[in-house]
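Undergrad: no sequence for this one, just the structure:
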């Protein structure tokens, strides 16, 4: 199977930047491979558009390595290697590729939605000889390339291409779970009621990724700790939450907050605002705040 990826014209702007010589390749990097060996830990994706995009990678833990290639009608073909990691449902990769006889490097990012990968776009700059996102949390998904999961041994997509349009529509402003781990989330609305600034600063959550993620924070009075799980594209569930046993004024607010968390079954982040929902209804809304 050929590792060929066809890229949208927007990325051709990067081709003149960050030129390397062949000596700059890491010794253990297989830069360009024409065949892909199938394996249980291997994943293959391809776009269903006229300008095709192809990505294949091996997965060990959360670490990813593989091949990515781009080719657009009337343009020179690009192909190269990717190395990176899964951060929740977000795939962040360093892409080292060749185009017009020169080597270049840039970051690429994808959001997983079921069996699809949606490429993200954001403002970039050159740092340390590589085009990198200035702020990954500001990356937008939904208007870009969508890759469909397929068998690494056949040409048949695993997911029907018709599903792409619905995913694009629903993902235009939503953000991946990588953003969930970047910030402290302060409660600004509970069961439809706005919170005061004092309550907001004392009622917050922080998340850490994992197959079963870790959550900590404060309910207004007591410290909280526990687990949570993400599944599918929007499913969310807290595990049992433990808390300290201090008594403070205004405990009714904390009781309502903990009850709301126990009912959460969905989530989304839009423009750095976290919405925890029950069956599509917002029950707790949080503003992102940079961690100290």
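TA: Cool, the structure landed. Treat the numbers as computed from the prediction; the structure is a model and nothing was measured.

Undergrad: Straight-line length of stretch 259-273, end to end?
TA: 21 Å (CA to CA, to the nearest Å).

Undergrad: list the buried ones in that stretch?
TA: 260-261, 264, 266-269, 272 (16 or more other CB atoms under 10 Å). To be clear about C-beta, it is placed using only N, CA and C from the backbone, and glycine gets the same treatment.

Undergrad: In JSON lines: the residues you listed, plus distance to residue 134, secondary structure and pLDDT.
TA: Output for these, formatted as JSON lines (distance: CB to CB, whole Å; DSSP: H, G, I helix; E, B strand; the rest coil; pLDDT from 0 to 100):
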{"residue": "260", "distance to residue 134": "35", "secondary structure": "helix", "pLDDT": "96"}
{"residue": "261", "distance to residue 134": "33", "secondary structure": "helix", "pLDDT": "96"}
{"residue": "264", "distance to residue 134": "32", "secondary structure": "coil", "pLDDT": "96"}
{"residue": "266", "distance to residue 134": "30", "secondary structure": "strand", "pLDDT": "93"}
{"residue": "267", "distance to residue 134": "26", "secondary structure": "strand", "pLDDT": "93"}
{"residue": "268", "distance to residue 134": "23", "secondary structure": "strand", "pLDDT": "89"}
{"residue": "269", "distance to residue 134": "19", "secondary structure": "strand", "pLDDT": "88"}
{"residue": "272", "distance to residue 134": "15", "secondary structure": "coil", "pLDDT": "85"}
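
Undergrad: which one of those residues sits closest to residue 211?
TA: residue 267 (16.9 Å; CB to CB).

Undergrad: beta partners for that closest one?
TA: residue 276 (DSSP bridges).

Undergrad: ok, now residue 187?
TA: Assigned bridge partners for residue 187, using DSSP bridges, are residue 286.

Undergrad: which ones are touching the residue nearest in space to the middle of the chain?
TA: By CA atoms, centre = their mean, the mean C-alpha position of the chain lies nearest to residue 90, the distance being 2.0 Å. By CB atoms under 8 Å, 6 or more residues apart in numbering, the contact set of residue 90 is 109-112, 176-179.

Undergrad: Inside strands: which ones of these?
TA: 109-112 (DSSP state E).

Undergrad: Distance check, residue 269 against residue 42.
TA: Between residue 269 and residue 42 the distance is 30 Å, computed by CB to CB, to the nearest Å.

Undergrad: cool, residue 149 as well?
TA: Taking CB to CB, one finds residue 149 at 12 Å from residue 42.

Undergrad: For the protein, spot the helix or strand the model is least confident about on average.
TA: helix 163-171 (a mean of 46; mean pLDDT, DSSP states H and E).
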